[in-house]
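Undergrad: Turn this into a structure:
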Amino acid sequence: MSMNQFMHPRNRYKVPPSFTELAIEYPEFRAVSNLEINGKVTLNFKDENTLRTLTKCLLHKDFKLDVTLPKDKLIPTLPLRLNYILWIEDILKVAGITNNVTGIDIGCGASCIYGLLAAREHHWKMIALETNRESCGCARTNIEANNLDHLIEVIYQDDPGKIFSKLNDRLNLQPVDFCICNPPFFSKLDELSSKISPKKNRTGHRPSPRNGRTGMNCELIVDGGECDFVQKIIEESCQLKDQIKVYTTMLGHKSSVDKIIRLLSAKGITNFCQTEFCQGHTTRWGIAWTFHLDIYLKTVPSYGQNVETNKAFTHVVDTTNDVTQSFQLVEKSLLYVDVKMKDVEFTNQSKVTFKGIAPLKNTWSKQRQRRRELDRQDKPHLENEINAKKEVCQIDVEDQASAAKKRKLNESSDDMEGEQFPFLVFQCSLENSCSVTHLHLKYLYGKGGKDGVYQIYQFLINRLK
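TA: Presented below is the predicted three-dimensional model:
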């Protein structure tokens with residue numbers, strides 16, 4: 001099944017290019033194409049020279065880029081690379097980064113495709129890192145041929161094990177906005193060979209790849225595979241923190257997605273998002289994370305066939321109050337449990353949105369216990385003692401019944417507390433439509449997780465009754 005329907009909506013290749021037009025305009029493309037009896041122009045996608053010619057012609061026609069693609073180097077799949085760049089554009093929009101954008105490309109390859117697209121289409125400055133000297137030379141040639149050397153800089157990495165080491169001094173002086181990475185997908189040669197000549201799977205024979213294999217082994221294989229490579233980025237990001245505003249990577253295996261998310265969670269990183277890059281008959285996956293408190297990655301649009309959406313908890317407020325009055329009730333309720341409000345914005349008196357921030361811990365659970373405590377303060381001392389004994393028994397039973405879940409929500413890691421990361425950040429909105437007010441809560445990030453947002457949601461429902 002073609003995945004083009006799930007391609008990024010701004011990707012120009014959502015509508016496939018016309019091979020007929022390319023054959024008319026480019027003689028070199030005409031030489032590698034086939035004219036069928038019905039007049040349709042077709043290509044042999046398993047032929048390396050055909051793929052190279054197609055990519056070069058598309059880069060020239062659609063982006064005015066004159067690119068040299070060496071015979072022994074990886075031929076970039078243009079729709080996939082464009083999907084990634086467009087996702088970065090979405091992330092920057094959410095982050096409020098629009099001017100003087102600077103990014104890092106980890107492993108630019110001989111084509112330097114990400115740098116060229118970013119510079120030509122968006123005028124971003126790019127720092128391109130590469131571990132292969134020959135590829136560095138080819139990348140510089142492509143940059144100079146397109147007069148983009150004022151926007152793209154290629155840096156040779158002599159130590160592949162230290163990804164950002166050549167940039168430490170520069171990042172201390174001037175943080176950059178994002179990094180991108182298309183890591184080698186495979187951990188060893190036989191894994192790559194099995195991908196090219198797939199064996200039977202549980203549903204029968206897995207179809208062979210439709211495109212031919214291109215690229216050197218160092219572009220396709222890395223010790224430990226893509227997960228180990230991305231783990232290095234995560235570990236170095238924990239040292240650099242917000243010197244790079246948003247870290248991103250592409251993944252070639254669906255099984256790698258959960259592994260990387262677990263690695264992020266183990267490091268206390270909860271502000272992340274994921275997406276799918278769909279094109280042709282191929283799917284890749286993207287993950288982004290940040291240490292910036294004011295960049296809410298969960299609000300970045302995600303595209304693809306199977307991407308999980310960050311759905312909001314929604315409730316119809318049972319009240320005749322307008323949005324302003326309902327907001328005042330919500331504000332009072334959140335202040336009661338020490339949840340701060342930020343970025344409050346009213347829209348035509350019919351909608352209000354804001355960010356809710358719980359700084360240190362869960363303060364909204366055990367509200368019955370709080371209320372009983374307040375009630376006891378108004379009763380005689382003797383009655384208080386009797387009720388207190390009953391209270392202890394009841395609380396003990398409740399605590400034992402849900403200890404694991406509540407402990408997970410109440411505890412935050414030492415690392416997070418040391419960096420003063422909020423325990424929970426969520427987005428809240430109150431919207432009046434057809435004389436009915438709707439309450440919406442959506443998780444953004446924090447150790448409290450979606451369970452914490454749901455608890456606040458239930459707490460607000462009870463308070464708004």
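Undergrad: distance between the helix or strand harbouring residue 121 and the chain's centre?
TA: Secondary-structure assignment from DSSP states H and E places residue 121 in helix 113-122. The chain centroid and the centroid of helix 113-122 are separated by 20 Å under Cα atoms, centre = their mean, to the nearest Å.
Undergrad: report the angle between the axes of whichever helix or strand comes after it and helix 113-122?
TA: Past helix 113-122, further along toward the C-terminus, the next helix or strand under DSSP H and E is strand 125-130. Note on geometry: by axes from the mean of the first three to the mean of the last three Cα atoms, to 10 degrees, strand 125-130 and helix 113-122 are set 170 degrees apart in direction.
Undergrad: Tell me the secondary structure of residue 44, please.
TA: Assigned state for residue 44: coil (three-state reduction, DSSP: H, G, I helix; E, B strand; the rest coil).
Undergrad: and the gap between residue 73 and residue 113?
TA: Noted for residue 73: a distance of 11 Å to residue 113, by Cβ to Cβ, to the nearest Å. (C-beta placed from N, C-alpha, C; glycine too.)
Undergrad: same thing with residue 66?
TA: The spacing between residue 66 and residue 113, counted by Cβ to Cβ, is 13 Å.
Undergrad: So for residue 73 and residue 113, which sits in the more crowded spot?
TA: Legend: neighbour count by other Cβ atoms under 10 Å for residue 73 and residue 113, higher for residue 113 (29 against 20).
Undergrad: looking at it, that one is touching residue 79, isn't it?
TA: No. With contacts defined as Cβ atoms under 8 Å, residue 113 does not count as touching residue 79, sitting 11.7 Å away.
Undergrad: And the pLDDT at residue 328?
TA: Residue 328 carries a pLDDT score of 89 in this model.
Undergrad: For my notes, confirm it occurs in a strand.
TA: No. In this structure, residue 328 is helix, not part of a strand, as judged by three-state DSSP.
Undergrad: neighbouring contacts of stretch 51-64?
TA: Applying Cβ atoms under 8 Å, 6 or more residues apart in numbering, the external contacts of stretch 51-64 come out as 12, 17, 22, 25-26, 28-29, 31-32, 43, 45, 65-67, 69, 71, 75-78, 116-117, 120-121, 211-212, 214.
Undergrad: I should have written stretch 326-338 there, sorry.
TA: Residues outside stretch 326-338 that contact it (Cβ under 8 Å, 6+ apart): 317, 319, 321, 340-341, 352, 356, 358-359, 363-364, 428, 430, 437, 439, 456, 459-460, 463-464.
Undergrad: Sketch out the helices for the stretch 151-300 of the chain, chain order is fine.
TA: Assignment of helices within the stretch 151-300 of the chain using DSSP state H, counting those that start in this stretch yields the ranges 168-173, 189-196, 217-220, 225-240, 254-266.
Undergrad: Return the most buried member of those helices.
TA: Per-stretch averages of neighbours, counted by mean count of other Cβ atoms under 10 Å, single out helix 225-240 among these, with a mean of 18.
Undergrad: Where does the prediction get shaky in the stretch 51-200 of the chain?
TA: Under the criterion pLDDT under 70, the flagged ranges of the stretch 51-200 of the chain are 185-200.
Undergrad: hmm, 50 instead?
TA: Low-confidence segments of the stretch 51-200 of the chain, defined by pLDDT under 50, are located at 189-190, 192-197, 199.
Undergrad: That one: strands as residue ranges?
TA: For the stretch 51-200 of the chain, strands defined by DSSP state E, counting those that start in this stretch occupy the ranges 102-106, 125-130, 152-156, 176-181, 200-201.
Undergrad: Rebuild those strands as TSV, extending it with mean neighbour count and distance to residue 241.
TA: Putting those into TSV (neighbours: other Cβ atoms under 10 Å; distance: least, Cβ to Cβ, whole Å) gives the following:
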stretch	mean neighbour count	distance to residue 241
strand 102-106	24	15
strand 125-130	22	18
strand 152-156	18	21
strand 176-181	22	13
strand 200-201	8	42
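Undergrad: Of all those, which one comes closest to residue 292?
TA: Checking the strands of the stretch 51-200 of the chain against residue 292 by Cβ to Cβ gives strand 176-181 as the closest, at 10.5 Å.
Undergrad: Mind giving me the packing neighbours of that closest one?
TA: Judged by 3 or more Cβ pairs under 8 Å, 6 or more residues apart in numbering; DSSP states H and E, strand 176-181 is in contact with helix 78-95, strand 102-106, helix 225-240, strand 244-251.
Undergrad: JSON lines for those, including distance to residue 8?
TA: Conversion of the helices and strands packed on strand 176-181 to JSON lines gives the following (distance: least, Cβ to Cβ, whole Å):
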{"stretch": "helix 78-95", "distance to residue 8": "5"}
{"stretch": "strand 102-106", "distance to residue 8": "18"}
{"stretch": "helix 225-240", "distance to residue 8": "22"}
{"stretch": "strand 244-251", "distance to residue 8": "13"}
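Undergrad: chain center to stretch 151-164, what's the gap?
TA: For stretch 151-164, the distance to the chain centre is 23 Å (Cα atoms, centre = their mean).
Undergrad: Then stretch 14-26?
TA: How far stretch 14-26 lies from its chain's middle: 32 Å, per Cα atoms, centre = their mean.
Undergrad: Is it correct that residue 165 is in contact with residue 158?
TA: No. In this structure residue 165 lies outside contact range of residue 158 using Cβ under 8 Å: 9.3 Å.
Undergrad: Ok, which of the helices of the stretch 151-300 of the chain comes nearest residue 83?
TA: The minimum distance between residue 83 and these falls on helix 254-266, with 16.0 Å, by Cβ to Cβ.
Undergrad: what angle sits between that closest one and strand 244-251?
TA: Using the same axes, to 10 degrees, one finds that helix 254-266 and strand 244-251 are set 150 degrees apart in direction.
Undergrad: Just the CA trace of helix 254-266, in PDB.
TA: Extracted as PDB, the C-alpha positions of helix 254-266 are listed here (Å, rounded to 0.1, in the frame of the first residue of the first chain):
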ATOM      1  CA  LYS A 254       9.500   0.600  14.400                       C
ATOM      2  CA  SER A 255      10.800  -1.600  17.300                       C
ATOM      3  CA  SER A 256      13.400   1.200  18.000                       C
ATOM      4  CA  VAL A 257      10.700   3.700  18.900                       C
ATOM      5  CA  ASP A 258       9.700   2.200  22.200                       C
ATOM      6  CA  LYS A 259      13.300   1.500  23.100                       C
ATOM      7  CA  ILE A 260      14.300   5.200  22.600                       C
ATOM      8  CA  ILE A 261      11.200   6.400  24.600                       C
ATOM      9  CA  ARG A 262      12.200   4.100  27.500                       C
ATOM     10  CA  LEU A 263      15.800   5.600  27.300                       C
ATOM     11  CA  LEU A 264      14.400   9.100  27.400                       C
ATOM     12  CA  SER A 265      12.100   8.200  30.400                       C
ATOM     13  CA  ALA A 266      15.000   6.600  32.200                       C
END
